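Chemist: all I have is the shape, not the residue letters:
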RNA sequence: GGAUAGGUGGCAGAGCGGUUGAAUGCACCGGUCUUGAAAACCGGCGAUCCUUCGCGGGAUCCGUGGGUUCGAAUCCCACCCUAUCCGCCA
């Protein structure tokens, strides 16, 4: 198989990263607590080949020790040559001796770097370890409901789904979007377009004014290193849209603001008093949805392009677990203010994303589907992303330590619009506007056909 | 797209091919002085990996990769990135 230039660069980048950071999981943990790590990964349905790793490690130690011995000898002898020449004495005997080291040293160095790349390939495929509080299970059926909020409304008429509600209003148009772009795109018009904008504004304002987040705007096109930092690459390239650059490189369209916002601290060494960082960011998100051809084809639940208001936090390890609860409550606050019934679940070990140590999903009630659907996902990745990104802070003991990074939707704007249309629809085809949004709609109380 | 300049420790900024992991300043930590603080003075202060129970010892890292050399931050080549100016453009 021919390798694309981007992939080649990625492999080079990974090899380079490995030498600097040695892993995505903590390599020390892997070396010293192998059984524990294996057990933890097993909970995620991930079988860790312990003996394969130990063999590689054994080989690495031998090779590294031998290489370093040779390097030490070469350095010492070369230093002697410098001293002899400085005194104007003859150094040819020493030069002959050091010359003999060259071949073996070069062979050792090459073998070592090849081996390091193999070990990296092994470690890079490992997902984050689940937090101890995460319930064990193989798939979504083992997720655990934490709470239900609100009561689904009783309808005294036949409920329509958001596609029909939007059609009756004449403000939601999939056909024209399909003509322009293809499947999984949407056009909204008039009051509905404004309602969509109002939702995003309302979320931003709430998180800034009431929850203390700093609003940021960021690039929507990012480089491969950023995708690697947050964990989308190298494993999940097929989920992304790529844009080629004239120089042969590529940009990726962000699948979530988590990528650019979290990468703001990549390669940074932060002062302890700079933490926590709390950012809120409204962006479009682009996803290829390559693995979900048959799912949610109707309506605007699953799109190639949607908008999201994202919360990102950079925390110290001591505080990150409290911060996750807090962040999730901030996302919940939006649903509560909009009076949309939802439930909160904690994902089991088998259903979590690659980078996450623990994830809460918020699911909003959709009456037409008679079920709850995901509208937010809030995760603590611990030091997993920070280790990939080299994002550190100087702890009170003066030691450099990896930060913990968290992110969560607060909320997905498109799906929130769906939820409002379905939950606030009325028998005559109109849709009343949630109280909290009316100030953002110039006081408008209802959208009428 | 064209033309320059530059990428060195948390930051700024030195660095004739040879005891340079790197001067100096700032920041930071400890101490002296002070009623306290500031100032001044003294001392300390990079990361990662290997080895050791520990003390310690060793290796690698000056944008990235490669080359020359007994020896490279320093010389050569390629690439990446940043800044500035010109052109074009929302």
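Modeler: All right, it came through fine. These numbers come from a predicted model, not from an experiment.
Chemist: report the closest residue of chain A relative to RNA strand B.
Modeler: Nearest residue of chain A to RNA strand B: residue A:82, at 2.8 Å (C-beta to the nearest atom of the strand). Heads up, the C-betas are built off the backbone N, CA and C, glycines and all.
Chemist: I'd like the next helix or strand past the helix or strand harbouring that residue.
Modeler: For residue A:82, the element it lies in under DSSP states H and E is helix A:50-86. Toward the C-terminal end, the helix or strand that comes next after helix A:50-86 (DSSP H and E) is helix A:92-99.
Chemist: and the following helix or strand past that next one, what other elements does it pack with?
Modeler: Using DSSP H and E, the helix or strand that follows helix A:92-99 in sequence is helix A:102-124. In terms of contacts (3 or more C-beta pairs under 8 Å, 6 or more residues apart in numbering; DSSP states H and E), helix A:102-124 is packed against helix A:5-21, helix A:50-86.
Chemist: least confident of the ones you listed, on average?
Modeler: Among those, helix A:5-21 carries the lowest mean pLDDT, a mean of 33.
Chemist: what's next to the helix or strand just after it, contact-wise?
Modeler: Using DSSP H and E, the helix or strand that directly follows helix A:5-21 along the chain is helix A:27-32. For helix A:27-32, the external contacting residues (C-beta atoms under 8 Å, 6 or more residues apart in numbering) are A:23, A:36, A:37, A:53, A:57, A:123.
Chemist: and residue A:150, how close does it get to residue A:275?
Modeler: According to C-beta to C-beta, to the nearest Å, residue A:150 stands 34 Å off from residue A:275.
Chemist: I should have written residue A:295 there, sorry.
Modeler: Here residue A:295 is placed at a distance of 39 Å from residue A:275 (C-beta to C-beta).
Chemist: more neighbours: which of those two?
Modeler: Taking neighbours as other C-beta atoms under 10 Å, residue A:295 and residue A:275 compare with residue A:275 leading, 18 against 9.
Chemist: list the contacts of the nearest residue to that one once chain neighbours are set aside.
Modeler: In space, and not counting its chain neighbours, residue A:275 is closest to residue A:316: 5.5 Å by C-beta to C-beta, 6 or more residues apart in numbering. By C-beta under 8 Å, 6+ apart, the contact list for residue A:316 reads A:272, A:275, A:276, A:393, A:395, A:401, A:403, A:404.
Chemist: what does chain A put close to RNA strand B?
Modeler: Residues of chain A found near RNA strand B (C-beta under 7 Å from any atom of the strand) are A:12, A:16, A:19-20, A:22, A:27-28, A:31, A:61, A:64-65, A:67-69, A:71-72, A:74-79, A:81-83, A:85-86, A:95, A:98-99, A:102, A:246-249, A:269, A:398-400.
Chemist: ok, the residue nearest the centre of chain A - contacts?
Modeler: Nearest residue to the geometric centre of chain A (C-alpha atoms, centre = their mean): residue A:230, 4.6 Å. Residues near residue A:230 by C-beta under 8 Å, 6+ apart: A:258, A:259, A:262, A:263, A:355, A:385, A:388, A:389.
Chemist: residue A:68: how many residues sit nearby?
Modeler: For residue A:68, the neighbour count with other C-beta under 10 Å is 12.
Chemist: correction: residue A:278
Modeler: Neighbour tally, residue A:278, other C-beta under 10 Å: 21.
Chemist: that one pairs with what?
Modeler: Legend: beta-bridge partners of residue A:278 under DSSP bridges are residue A:313.
Chemist: surely it and residue A:212 touch.
Modeler: Yes: using C-beta atoms under 8 Å, residue A:278 is in contact with residue A:212, at 6.0 Å.
Chemist: can you give me the strands for the stretch 201-350 of chain A?
Modeler: Here the stretch 201-350 of chain A has its strands, by DSSP state E, counting those that start in this stretch, at A:214-215, A:221-222, A:242-244, A:250-253, A:269-270, A:277-286, A:305-315, A:342-346.
Chemist: out of the ones you listed, indicate the one that is most buried.
Modeler: strand A:305-315 (a mean of 25; mean count of other C-beta atoms under 10 Å).
Chemist: what's that strand packed up against?
Modeler: Strand A:305-315 is packed against helix A:190-209, helix A:258-262, strand A:277-286, helix A:320-337, strand A:404-412, helix A:413-423, with contacts defined by 3+ C-beta pairs under 8 Å, 6+ apart.
Chemist: tell me how far the first one is from the chain's mean position?
Modeler: Spelled out, it's helix A:190-209. Distance, stretch centre to chain centre, for helix A:190-209: 24 Å (C-alpha atoms, centre = their mean, to the nearest Å).
Chemist: likewise the fifth one?
Modeler: In this view, strand A:404-412 has its centroid 9 Å away from the chain centroid, taken as C-alpha atoms, centre = their mean.
Chemist: got it, and the third one?
Modeler: Strand A:277-286 sits 12 Å away from the centroid of its parent chain (C-alpha atoms, centre = their mean).
Chemist: helices and strands around that strand, which ones?
Modeler: Strand A:277-286 packs on helix A:190-209, strand A:214-215, helix A:258-262, strand A:305-315, going by 3+ C-beta pairs under 8 Å, 6+ apart.
Chemist: contacts for it, please.
Modeler: A:200, A:203-204, A:207-208, A:211-218, A:220, A:240-241, A:253-257, A:260-261, A:264-265, A:304-314, A:410, A:413.
Chemist: next, the angle from that strand to helix A:413-423.
Modeler: 80 degrees (axes from the mean of the first three to the mean of the last three C-alpha atoms, to 10 degrees).
Chemist: and strand A:277-286 with strand A:404-412, angle?
Modeler: On the basis of the same axes, to 10 degrees, strand A:277-286 is oriented at 50 degrees to strand A:404-412.
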